[in-house]
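S.K.: Generate a structure from the sequence data that follows.
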Amino acid sequence: MKVTTICIALCLMVLHIEGKWRPEYNEDKIGNRRYRDAANEISTRRPHYRVGDPPDHNKVIPMARYVMHNTDWASIATISILPAIQGFPFSNIKSIVDGSLANSTGVPYFYMSPLDFTSQDLSRNNRASVLVSLEQTDYCIKEKIDAEDPRCTRLMLTGKMKKVREGTPEYTFAKAALFERHPAMADFPTDHNWFVAKLKIAQIAMIDWFGGAKYIPVKDYLAYNYTGTEMIQRYNELYGKHES
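M.R.: Numbering: from 1, shown residues only. Purely as a prediction, here's the structure:
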């Protein structure tokens, strides 16, 4: 009898905890769903894909833009404000886009909450480094290249994180792009005060072959006209979507 009572109590506790985490289905959440629906109505995604190989490693800027646009998440390093490690580098994983499937900008955009480690660090010191890698696709796996191998291209962007002001065309574009690539964001808890942020790039370093890092002028990187057709093909193949 005691065992049965304990089991029932534990089940009720789990349900209570889940209820606190999951937000009520309110108007804000409905608005988020509409935002997601306006961004190609993609509801699921897969961690590995391969549609078109990356550019030749000698094409430095095309390679950099390819890696940025074809990755779904990034490692972001900040200076910690946690008491036990204050002043130490601290790394976290963040979902990322650099624009919509069809409109790459090269600028990393993030959907953040003030409750997160990274946001708290950035509120004190907005300098950050962002890393993305071809390992996040399945190119390196298919080629039997280790993630640390210089042929498994990794791109490192350093700069200052800025909030994107709500109501601006950039905010509308960036939020729609984030929800398009990461539809789960529509169901994030509405009481977490989410905001859109971007990295204002100061330096770009890339390792994509033997011989050390290559440094790319920020102006040239941003000016490169990358259309992002690989991402459109990827989603067409995975989800049967077709551009009109």
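S.K.: the strands in this protein, which residues?
M.R.: Assigned by DSSP state E, the chain shows strands spanning 73-79, 89-95, 97-100, 103-112, 127-133, 154-163, 195-207, 214-215.
S.K.: I'd like those laid out as a markdown table, including mean neighbour count.
M.R.: The C-beta positions use only the backbone N, C-alpha and C, and glycine is treated the same way. Formatted as a markdown table, the strands of the chain follow (neighbours: other C-beta atoms under 10 Å):
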| stretch | mean neighbour count |
| --- | --- |
| strand 73-79 | 20 |
| strand 89-95 | 14 |
| strand 97-100 | 24 |
| strand 103-112 | 21 |
| strand 127-133 | 20 |
| strand 154-163 | 19 |
| strand 195-207 | 19 |
| strand 214-215 | 14 |
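S.K.: Please list all residues in contact with Leu115.
M.R.: Going by C-beta atoms under 8 Å, 6 or more residues apart in numbering, Leu115 touches His192, Asn193.
S.K.: before we move on, what about Cys152?
M.R.: Cys152 neighbours (C-beta under 8 Å, 6+ apart): Ser133, Leu134, Glu135, Tyr139, Cys140, Ile145, Asp146.
S.K.: Mind doing that once more with 6 Å?
M.R.: Each residue near Cys152 by C-beta atoms under 6 Å, 6 or more residues apart in numbering is listed here: Leu134, Glu135, Cys140, Ile145.
S.K.: Looking at those, spot the one nearest His69.
M.R.: Set against His69, the nearest of the contacts of Cys152 by C-beta to C-beta is Leu134 (11.9 Å).
S.K.: show me what contacts the residue nearest to the spatial centre of the chain?
M.R.: In the chain, the centroid-proximal residue (C-alpha atoms, centre = their mean) is Ile96; its distance is 1.6 Å. Applying C-beta under 6 Å, 6+ apart to Ile96 gives the contacts Trp73, Ala74, Pro108.
S.K.: what about it, distance to Arg65?
M.R.: 14 Å (C-beta to C-beta, to the nearest Å).
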